[in-house]
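# Compute the structure for the input listed below.
(2 chains)
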Amino acid sequence: DSTNTSQQRPSCSLPIMAEDIRQDKKANFSALTEHNNNGVTRTSGLASNKTGASKKLVIKNFKDRPKLAETYTEDTWLKLRDAVGAIQNSTSIKYNLEELYQVRMENKQECLTLSYCSPAVENLCSYKVSPTLYKQLRQLCEEHVQAQIHQFREYPSRASVLSFLKRMNRCWQDHCRQTIMIRSIFLFLDRTYVLQNSLLPSIWDTGLELFRTHIVSDGAVQKRTVDGILEQIERERNGETVDRSLLRSLLGMLSDLQVYKESFEERFLTDTNRLYAAEGQRLMQERDVPEYLHHVARRLEEENDRVISYLDQSTQKPLISNVEKQLLGEHMAAILQKGLSILLDGNRVTELALLYQLFSKVKGGLPTLLQHWRDYIKSFGGEIVGTPEKDKDMVQDLLDFKDKMDNVTQGCFNRNESFINAMKEAFEAFINKRPNKPAELIAKYVDSKLRAGNKEATEEELERILDKIMIIFRFIHGKDVFEAFYKKDLAKRLLVGKSASVDAEKSMLSKLKHECGAAFTSKLEGMFKDMELSKDVMIQFKQYTQNQSEPSQIELTVNILTMGYWPTYTPMEVHLPPEMVKLQEVFKLFYLGKHSGRKLQWQPTLGHAVLRTEFKEGKKELQVSLFQTLVLLMFNEAEEFSVEEIKSATGIEEGELRRTLQSLACGKARVLNKNPRGKDVEDGDRFNFNNEFRHKLFRIKINQIQMKETVEEQVSTTERVFQDRQYQIDAAVVRIMKMRKTLSHNLLVSELYNQLKFPVKPGDLKKRIESLIDRDYMERDKESPNQYHYVA
Amino acid sequence: MKVKIKQWNGVASWLWVANDENCGICRMSFNGCCPDCKVPGDDCPLVWGQCSHCFHMHCILKWLNSQQVQQQCPMCRQEWKFKE
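Numbers count the residues shown, from 1 in each chain, chains lettered A, B, ... in the order given. So this is what the prediction gives:
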């Protein structure tokens, strides 16, 4: 029964049908009992038998089966046929309706369905003429449906598609309505005879079958209908408004007739494919990618809407996947090549989100996007890192770039884990493409942020910047280069008192420790410790000098460095004025008295001083380096000196001296006059003290000119890192060999790569192994030269 | 006098002063540290014996602990006494 209902179109819902059947059966039974009434002697019920007096119940056979009039079957059929004919031709039925119909209204209020059932049919069925009745009815319907085809066959070929479709729809609607009414009349037949013979289709199904065979299966008619539907859909796709309810009804017809798939869907999908293939090709050429993406999104939405409005639900999957394939799948590489960098460059978040969303629907879409995304990061980042002219902005650019990419993964790529990982991978790849320089610049960037005078950031902002830097830093392979430069800059900050905030320094240190382990930062921590120890020493020294007979005019503070922690400074001998030498001696005596077994080595390059100077304008305090001090002190003795005189008097190294003089005579604050004037210091230039010096501040800082120094420093720092690396390689080789005793070259190298934390070329490793063999730490196997033995 | 020093911020590094450059036990430089330490400096000090031989403190202590009978300087075999 349920299979029957599912194929039936309107009017009856399942519960009502069930009710119908039950009632029918009851009615049937009661009819029988009425018929047999005379044969059955009714007892008054079992309850009355309690008395025990037995009464006999006698059941007798009918004497004669009641007979219908000879012509009853014939007459009734004629009436029924006329009724059906009237329904089919929409004319009124001339017979007494009451005779044909027994109208029963369901008791339940909510069921407004009227159930028609003809007692005539019921009667006929009772007299076993159901097969004939069924055949006759079928015949009748078939004739009627067959007659319908002509209107379509002969439909003028010039008439519009729409009017044809409308005609078809009307015919279909009529057919449905008629079949429902006919079924109502023959409900009894439908429910008894048809239901009991599983091979016979129900009246409704018969109707469908007839309509299918005689109308829709007609090749020309079907083609015209489907063509019409397809044309309407294409019109709609081109932006016209079409009669959607008409389409819905016709497509409903096709699926009711079970020809939807072969007659319509296949052609529809082919058409769709062709249309969107062409559209994809064309629009990819004509439009830029963002516009195209929006177009695709709109198309998908339209097609989904189409499914909801009039297509069969089963079409959704193939249709959408078709559209996605033609508009996206075919053009994935082109879209990404043409558009991804534009979208990312322009930070077009909406389109990127759309791109991700669309690509996630297409097979292989996300992996392709992922690949291009990785490539983009690599090439964009490679540009940032690989352009030496832009070195000064490199780190800031990297930070901005990382921020932007983070933003994209968060906002547009749904925080997809594999995209985040690909980004990390890409960053690591491009940052290490250029060795050493990024590490150096990151260290310098940190220095610029931690140095005093960097007022642009509050503590919290600074902290956030440092966190971001650490993320970039994590990608760097040669962390030792970073450490070397960081250490050098940290030393400067600490010794010149330029550090912006001790808290920030400590926080950076703990970040580095967290990232690279305690060994990485132990020296840096040592530097901080030295600074604190020096502070204690200076407090003691102050007490010590107060007890001295002749306290010096100069207030001396000394930072005492433990050699191993700090960067190596080239020792430099300079001539200090007697007063300073004396003070130095006092301190030395004091310090060595406290720490036996040590000696002190002064680092004049790192010293600095505050000078009290008198100009015509008034007293000023100059904050200068030790070299600048030495030069300025000379002008206490005379008005004018030549470069050569200054050099021999101070003992400062030539290049250093020139820079010092330049800073004093050619910089912003010119406390010396150079003669002749000019930017650079030449041989034979003469200098005198600038008494006219004016400045709005009382305390003036004169910076040492650093340009050239940095280059030298940079080279030497890098060189030192490389030297350190060689020792580390040597140590690692010996460590491994000592443990393994015998090892093949390849295994040794792979273990080395596991242990070493900086990038090395295999060639360099080979050289170090060679050198260790020369120094008898290990030897080659006599038979196989690829085998090494440890030499104890 | 036009120019006078008010404050002077000097910087000096300290080194160990020892007769030898290397520790006689571990053969490492005195200005480096003993093999058990990671960084030189106060944490890895030098000590002198009365025989005037000098070692990393960690090295000589290790040596002395390993001697069962008599505590001798590993260089000159004299009885080891720390120099005050």
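
# The residue nearest to B:Asp43 when sequence neighbours are not counted: what secondary structure?
Excluding its sequence neighbours, the residue lying closest to B:Asp43 (C-beta to C-beta, 6 or more residues apart in numbering or on different chains) is B:Cys37, at 6.2 Å. Using the backbone N, CA and C atoms, a C-beta is placed for each residue, glycine as well. Following DSSP: H, G, I helix; E, B strand; the rest coil, B:Cys37 is assigned to coil.

# Can you name the residues that contact the residue sitting nearest the centre point of chain B?
The centroid of chain B falls nearest to B:Leu46 when counting by C-alpha atoms, centre = their mean (1.9 Å). Neighbouring residues of B:Leu46 by C-beta atoms under 8 Å, 6 or more residues apart in numbering or on different chains: A:597, B:16, B:18, B:23, B:30, B:54-57.

# ok, of the residues you listed, which one's closest to A:Phe541?
A:Gly597 (19.4 Å; C-beta to C-beta).

# So for stretch A:578-585, mean pLDDT?
Mean pLDDT, stretch A:578-585: 89.

# what do you get for stretch B:43-63?
Mean predicted confidence for stretch B:43-63 is 88.

# how long is it from one end to the other?
18 Å (C-alpha to C-alpha, to the nearest Å).

# Any buried residues in that stretch, and which?
Residues of stretch B:43-63 classed as buried: B:44-49, B:51, B:53-60, B:63 (neighbour count, 16 or more other C-beta atoms under 10 Å in any protein chain shown).

# What does the pLDDT read for the residue in the stretch 351-500 of chain A that chain B sits nearest to?
In the stretch 351-500 of chain A, the residue that lies nearest chain B is A:Leu495 (5.7 Å; C-beta to the nearest C-beta). pLDDT recorded at A:Leu495 is 85.

# What about it, how many residues nearby?
24 (other C-beta atoms under 10 Å in any protein chain shown).

# I figured it was touching A:Ser625, is that so?
No: contact between A:Leu495 and A:Ser625 fails when scored by C-beta atoms under 8 Å: they sit 11.1 Å apart.

# thinking again about what came up before, which residues sit in contact with the residue of the stretch 351-500 of chain A closest to chain B?
A:Leu495 sits in contact with A:559, A:606, B:9, B:11, where contact means C-beta under 8 Å, 6+ apart.

# Looking at the third one now. What's its pLDDT?
pLDDT recorded at B:Asn9 is 89.

# Spatially nearest residue to A:Ser360, not counting backbone neighbours?
Once flanking residues are discounted, A:Ser360 sits nearest to A:Leu366: 5.6 Å by C-beta to C-beta, 6+ apart.

# in the host helix or strand of that neighbour, what's buried?
Element membership for A:Leu366, per DSSP states H and E: helix A:365-386. Neighbour-count burial for helix A:365-386, counted by 16+ other C-beta under 10 Å, picks out A:365-366, A:368-370, A:372-378, A:380-382, A:384-385.

# Could you do stretch A:434-454 as well?
Result for stretch A:434-454 [16+ other C-beta under 10 Å]: buried residues A:434, A:436-447, A:449-450.

# Looking at pLDDT only, which of those residues scores worst?
A:Asn436 (83).

# how about that one, what does it touch?
Under the criterion of C-beta under 8 Å, 6+ apart, the neighbours of A:Asn436 are A:478, A:481, A:718, A:721.

# Out of the residues you listed, give me the one that has the most neighbours.
With neighbours defined as other C-beta under 10 Å, the most crowded of these is A:Val481; it has 27 neighbours.

# Per-residue pLDDT of it, please?
If you check A:Val481, the pLDDT there is 86.

# Dihedrals phi and psi, A:Lys668?
The phi/psi pair for A:Lys668 (degrees, to the nearest 10) reads phi -70, psi -50.

# Understood, closing this out.
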